[in-house]
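Peer 1: sequence first, predicted coordinates after that:
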Amino acid sequence: MILPDRRISGWLILASIIVAVLYISFIAVQNTTEKNLQISMLEHQILQQKAQTENLSSQIETDLHIITKNLEMISSTDSAKMSDFTSEPFLEQLRKTFNDLNTHTEISSLTILDDNGFVVNDIDENDEGTSIGLDLSFREYAIQTKETKSPYFSNGFSSFLTGDQAIVITFPIIDDSDIYRGLVLAYLPTATFFDHYAGITSVDLQSIIISDRVGKIIFHPDDELIGQDISLIKNDESKIPVQIISSDITEIFTTSTVTFDTIPTYYVHVFTSTNQIFSEATSILNFQKIVLLILVTVILIILGLLIIFIRKFYSAEQSRFAVIGEMGARLAHDIRNPLSIIKNTLEIMKMKNELEDNYNFEKIDRAIFRITHQIDGVLDFLKDGQITKNPHKFSTILENVLDDLILPKNIKLTKPNSDISIICDLSSFEAVLSNILLNSIQAIGNSGEIIISLSESKTSTKIVIQDSGSGINEEILPHIFEPLYTTKQSGTGLGLVSCKRIIDKHDGSLDVTINPTIFTISLPKW
């Protein structure tokens, strides 16, 4: 016996609606997702990059403080205070300090200037003292150190010996009578000094710029820009992270300050091109497209198989439960295999995806789980399925259900004023709530209202769902919980039966009254 035309039409209409909704939703989502995802990734990158920039400046600041402390130790020796800069003990101290500093940072030399600004000693990696006798009194760092008798961090300058960009850190040598005796300085070529941070930070060396107090670039991956003003790069508005982020930003530019005794000495800038970030967004969207198309295809296959098997095995001689059981047994293997493939593919995509926010992937994962759970629900007609009851907030359950339902704009949903915890199996109870709300939406039609209220006693919890729909005819009310009984062309006659069985497994009750239609779910508090 072939399934009646009305029932077959219901399956075909249901299949058409599902496919249409999936494709319309897919098109609508794709129109807005790409820009929203780009903005979200930019916001994430700015927060992450700010933290990286501050961490980098903190490490540089720590190293500069270490260098300064070592210079202070040299200046405080008795030999230094007595201007005995050439004695062997003093030279040994100078060599030891130079070697110690180079174990964790990069300095080119340690140099001693006398009170007239002449080099009297110089220690480098070759210990040659090639600059002894040079007059450096005209250098800004020599002048400032002598005048202020304080440590000094120089701006960038070009070495007259090598032409390389460099900075120096100085510390004055003051004797016990507060007389200036000279200074000790550490010479730091910027290329080698800042290069070594690439190995100890998470920031790509090609993304780092360092500028001095006057805004001159002293370190840049492009050598041609060294010595230029930082404003030539930073003043481009398309590169500055603003509060209202747009996807037109071409580079993310973050800055942090290196200080000494609260005084700014250098500025660390990190920049990232948005091209790479946006290409990642496009890649993620492509993943989503593939997954969505696979899901649509699988659902079409499932619906086709359902119709084929129902037509093939439905006969007058078979009981309704036997029909469902045989159909479920034959379909379970065929449906679960592609679902498992899709789920495994999704997990691989998750692992490859570097974003912390995987909201779309989680929705797809939840949809796959629900399809699997509904297959198990059909089989529950013939066997007792196990449920796992735990406490859950009703508001959370309701939000999960509403995420998956399409609520027309002309239907008002009034939620409970308060929240309660119910003891239930989360997935199966969400299915119950979803089914009842969907029935209410279909019964209301053009416009109306759904009201959800909660109440509880010492022993039980009640969830009441009332709608302003056309209502249930009194003559069919006794049959609404019978398997395969339906008055809808697109109905399966399994929805309310499933709800009733699930609530029974919770040791609860599901009751219906009419005029108006009210579904009351009662669950025990244990």
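Peer 2: Good, I have the coordinates.
Peer 1: any buried residues in stretch 56-64, and which?
Peer 2: 56-57, 59-61, 63-64 (16 or more other Cβ atoms under 10 Å). The C-beta positions use only the backbone N, C-alpha and C, and glycine is treated the same way.
Peer 1: just stretch 513-526 next, same as before
Peer 2: 517, 519-523.
Peer 1: which one in those residues is the model shakiest on?
Peer 2: Lowest in pLDDT among the buried residues of stretch 513-526 is residue 517, which has 89.
Peer 1: any idea how far it lies from residue 387?
Peer 2: 27 Å (Cβ to Cβ, to the nearest Å).
Peer 1: how about residue 221?
Peer 2: 60 Å.
Peer 1: what does residue 483 give?
Peer 2: 20 Å.
Peer 1: neighbour count for these two, which is higher?
Peer 2: Using other Cβ atoms under 10 Å, the more surrounded residue of residue 483 and residue 387 is residue 483, with 19 against 15.
Peer 1: tell me the pLDDT of that one.
Peer 2: On pLDDT, residue 483 comes in at 71.
Peer 1: nearest spatial neighbour of residue 63, chain-adjacent residues omitted?
Peer 2: Closest residue to residue 63 apart from its sequence neighbours, by Cβ to Cβ, 6 or more residues apart in numbering: residue 105 at 4.8 Å.
Peer 1: that neighbour in helix, strand or coil?
Peer 2: Per DSSP: H, G, I helix; E, B strand; the rest coil, the local secondary structure of residue 105 is coil.
Peer 1: that one reaches residue 62, doesn't it?
Peer 2: No - using Cβ atoms under 8 Å, residue 105 is not in contact with residue 62; the gap is 9.6 Å.
Peer 1: returning to what we had before: export the buried residues of stretch 513-526 to CSV and tack on distance to residue 474 and secondary structure?
Peer 2: Shown next, in CSV, are these (distance: Cβ to Cβ, whole Å; DSSP: H, G, I helix; E, B strand; the rest coil):
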residue, distance to residue 474, secondary structure
517, 12, strand
519, 16, strand
520, 18, strand
521, 22, strand
522, 23, strand
523, 27, strand
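Peer 1: can you pull out the low-pLDDT segments for the stretch 301-450 of the chain?
Peer 2: Scanning the stretch 301-450 of the chain for pLDDT under 70 picks out 303-304, 306-307, 309-340, 343, 346-347, 349-385.
Peer 1: could you pull out the strands for the stretch 351-500 of the chain?
Peer 2: Applying DSSP state E, counting those that start in this stretch to the stretch 351-500 of the chain gives strands spanning 390-393, 411-414, 421-424, 448-456, 460-467.
Peer 1: and the longest one with strand 460-467, angle?
Peer 2: Strand 448-456 runs at 170 degrees relative to strand 460-467, counting by axes from the mean of the first three to the mean of the last three Cα atoms, to 10 degrees.
Peer 1: for the stretch 101-250 of the chain, which segments count as helices?
Peer 2: Using DSSP state H, counting those that start in this stretch, the helices assigned to the stretch 101-250 of the chain run over residues 140-148, 190-195, 231-234.
Peer 1: go through the first one and flag the buried ones.
Peer 2: This points to helix 140-148. Buried residues in helix 140-148, counting neighbours by 16+ other Cβ under 10 Å, are found at 141-142, 144-146.
Peer 1: pull the most distant pair out of those residues.
Peer 2: 141 and 146 (9.6 Å; Cβ to Cβ).
Peer 1: list the beta-bridge partners for residue 174.
Peer 2: Going by DSSP bridges, residue 174 is paired in beta bridges with residue 180.
Peer 1: correct me, but it touches residue 182?
Peer 2: No - the criterion here is Cβ under 8 Å, and residue 174 misses it with residue 182 at 9.5 Å.
Peer 1: looking at the two, which is more packed in?
Peer 2: residue 182 (25 against 18).
Peer 1: now do the contacts for the more buried one.
Peer 2: Neighbouring residues of residue 182 by Cβ atoms under 8 Å, 6 or more residues apart in numbering: 80, 83, 85, 112-115, 120, 172-173.
Peer 1: can you do 10 Å?
Peer 2: Residues near residue 182 by Cβ atoms under 10 Å, 6 or more residues apart in numbering: 75, 80, 83, 85, 112-121, 142, 145-146, 172-174.
Peer 1: buried ones only from these, please, as a PyMOL command.
Peer 2: The PyMOL selection below is limited to those of the contacts of residue 182 classed as buried (16+ other Cβ under 10 Å):
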select buried, resi 75+80+83+85+112+113+114+117+118+119+120+121+142+145+146+172+173+174
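Peer 1: tally of neighbours for residue 287?
Peer 2: Applying the criterion other Cβ under 10 Å, we find 20 residues in the vicinity of residue 287.
Peer 1: wait, it touches residue 345, no?
Peer 2: Yes - using Cβ atoms under 10 Å, residue 287 is in contact with residue 345, at 9.3 Å.
Peer 1: out of the buried residues of stretch 56-64, which sit inside strands?
Peer 2: If you go by DSSP state E, the buried residues of stretch 56-64 have nothing in strands.
Peer 1: element containing residue 21?
Peer 2: Using DSSP states H and E, residue 21 sits within helix 5-75.
Peer 1: break this protein into its domains for me.
Peer 2: Domain assignment of the chain by automatic domain parsing yields the ranges 5-43+277-379, 48-273, 390-524.
Peer 1: need the pLDDT of residue 19.
Peer 2: For residue 19, pLDDT reads 67.
Peer 1: over to residue 241?
Peer 2: 44.
Peer 1: can you check residue 129 too?
Peer 2: Confidence score, pLDDT, at residue 129: 68.
Peer 1: quick revisit: switch the strands of the stretch 351-500 of the chain over to a markdown table; also include mean neighbour count and distance to residue 511.
Peer 2: A markdown table is the format used below for those (neighbours: other Cβ atoms under 10 Å; distance: least, Cβ to Cβ, whole Å):
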| stretch | mean neighbour count | distance to residue 511 |
| --- | --- | --- |
| strand 390-393 | 12 | 22 |
| strand 411-414 | 15 | 21 |
| strand 421-424 | 21 | 17 |
| strand 448-456 | 17 | 14 |
| strand 460-467 | 20 | 10 |
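Peer 1: quick revisit: in JSON lines: the buried residues of stretch 56-64, plus distance to residue 231.
Peer 2: Compiled in JSON lines, these are given as follows (distance: Cβ to Cβ, whole Å):
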{"residue": "56", "distance to residue 231": "21"}
{"residue": "57", "distance to residue 231": "19"}
{"residue": "59", "distance to residue 231": "26"}
{"residue": "60", "distance to residue 231": "21"}
{"residue": "61", "distance to residue 231": "23"}
{"residue": "63", "distance to residue 231": "27"}
{"residue": "64", "distance to residue 231": "24"}
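Peer 1: and which of those is nearest residue 251?
Peer 2: Proximity of the buried residues of stretch 56-64 to residue 251 (Cβ to Cβ) peaks at residue 56, which lies at 17.2 Å.
Peer 1: that closest one and residue 267 touch, don't they?
Peer 2: No - between residue 56 and residue 267 there is no contact under Cβ under 10 Å: 11.3 Å.
Peer 1: hey, what's in contact with both of these two?
Peer 2: Counting by Cβ under 10 Å, 6+ apart, the residues touching both residue 56 and residue 267 are 210, 256, 258.
Peer 1: restricted to strands, list those residues.
Peer 2: Of the shared contacts of residue 56 and residue 267, the ones assigned to strands by DSSP E are 210, 256, 258.
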